[in-house]
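Trainee: For reference, the sequence and a predicted model appear below.
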Amino acid sequence: MESLGQIILIPAFKPDEKIVILIKRLFSEGFRRVIVVDDGSGERYADIFMRLREMGCIVEQHEKNLGKGAAIKTAFAAAVKKFGRENRYITADADGQHLPEDIRKVAEAMKQNPDTLVLGVRDFGSGNVPIRSLLGNRITSVFFRLVCGRKCPDTQTGLRGIPQGLTDLALSADGTRYEYEMNFLMDAVLKVPFVYVPIKTVYEDDNKESHFRPVSDSLLVYGRFLRFAASSLTGFLVDYSLFRILLEKVFVSTLSTYIFLATAMARICSGIVNFLLNRRWSFHSRQPAGGELIRYLLLFIGQMAASGGLVSALSHTFIPVPAAKIIVDTILFFVSFRIQKDWVFRSRISH
């Protein structure tokens, strides 16, 4: 059997016998380097991880459960420490959803496409997909298309072939739980092309063994966008409140000059609030603030000009001005999110 060079990384939380079967078959498929992370499973599962060590796996351990994203980061850190940085990686789940033959398909696709992110894509048109998984993937796929501008048929797949050039991103992407995988995809889309490999869709017992919490984990998956929306709402409230205060308590006049001054002062203050919230909270930026502030200011001016120009243009059509304002600003909201994510607060991690 040909030895396959990719390092297999498997986060595991309270696994059962399926992971032992998976590892045996991976070794028989030709994989030689497998790292499993025990994400705080507890003493009850110690025997399973001991057996994996005896089979030849490297097993890292979290004393308590930190989440899937944290476990993947630990696996990457262990791979870099043990084998160096000149490697390619495949992440896979421990619950039996990813078959060894499909993991091998991803490995073969990585050979043919060495500088791409290879995603194992499930067929959600098959009849054995639980409704919550079907809806969840459809929603996240539409969301990904809106905010990243690229189609991804399976944003939630855990079977991913990750090239060497994304090692730094894998180690530093935001999140410690399921949101890590979405954040990684949203950042990787700027760095490498995606390649999609069809894999079998496996859901046993209606996927009841999944550790995904539909409400709390979904909020985490969409966390970056929801934080952006919350900061935008905060900026709007600051803008509106300050405008009213200036006009009614400071200038005490509705002359056009004072309306303009109140509008400008309120918009500047709300822009500062929005910039600070997005920098620290929405995008967790670690870059110098100076360059980001200049880029944000350019976006800020451009967005105001675009809003005014487009609403004015639409006002000459059959669309009422209030409706035109809602349509334009909704579109600009998504555009602004993409520009801030991809340009204003973009991580400068090297390819």
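Mentor: Perfect, I can see it now.
Trainee: any idea which helix is longest in the protein?
Mentor: If you go by DSSP state H, the chain has its longest helix at helix 289-314.
Trainee: Show me what the helix or strand following that one is packed against.
Mentor: For helix 289-314, the following helix or strand on the C-terminal side (DSSP states H and E) is helix 321-339. Judged by 3 or more Cβ pairs under 8 Å, 6 or more residues apart in numbering; DSSP states H and E, helix 321-339 is in contact with helix 131-148, helix 223-245, helix 289-314. Placement of C-beta: from N, CA and C, glycine included.
Trainee: helices or strands up against the second one?
Mentor: In terms of contacts (3+ Cβ pairs under 8 Å, 6+ apart), helix 223-245 is packed against helix 179-188, helix 256-277, helix 321-339.
Trainee: which stretch among those helices comes nearest A77?
Mentor: Of all these, helix 179-188 sits nearest to A77, with 13.8 Å by Cβ to Cβ.
Trainee: What helices and strands are in contact with the closest one?
Mentor: helix 68-83, helix 131-148, helix 167-172, helix 214-221, helix 223-245.
Trainee: Can you lay out those as TSV showing mean neighbour count?
Mentor: Formatted as TSV, the helices and strands packed on helix 179-188 follow (neighbours: other Cβ atoms under 10 Å):
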stretch	mean neighbour count
helix 68-83	20
helix 131-148	16
helix 167-172	19
helix 214-221	15
helix 223-245	16
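Trainee: closest one to P193 among the ones you listed?
Mentor: Of all the helices and strands packed on helix 179-188, helix 131-148 sits nearest to P193, with 13.1 Å by Cβ to Cβ.
Trainee: could you check the angle helix 321-339 makes with the closest one?
Mentor: Here helix 131-148 runs at an angle of 90 degrees relative to helix 321-339 (axes from the mean of the first three to the mean of the last three Cα atoms, to 10 degrees).
Trainee: tell me how far helix 131-148 is from the chain's mean position?
Mentor: Put simply, helix 131-148 sits 12 Å off its chain's centre (Cα atoms, centre = their mean, to the nearest Å).
Trainee: Alpha carbons only: can I get that helix in CSV?
Mentor: Output in CSV follows, covering the C-alpha atoms of helix 131-148 (Å, rounded to 0.1, in the frame of the first residue of the first chain):
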residue,chain,number,x,y,z
ILE,A,131,-34.0,17.8,8.6
ARG,A,132,-32.0,20.0,11.0
SER,A,133,-28.8,19.1,9.1
LEU,A,134,-30.4,19.8,5.8
LEU,A,135,-31.8,23.2,6.9
GLY,A,136,-28.6,24.1,8.7
ASN,A,137,-26.4,23.5,5.7
ARG,A,138,-28.8,25.2,3.3
ILE,A,139,-28.9,28.3,5.5
THR,A,140,-25.1,28.5,6.0
SER,A,141,-24.5,27.9,2.3
VAL,A,142,-26.7,30.9,1.4
PHE,A,143,-25.1,33.0,4.1
PHE,A,144,-21.6,32.1,2.9
ARG,A,145,-22.6,33.1,-0.7
LEU,A,146,-24.0,36.4,0.6
VAL,A,147,-21.0,37.5,2.7
CYS,A,148,-18.1,35.9,0.8
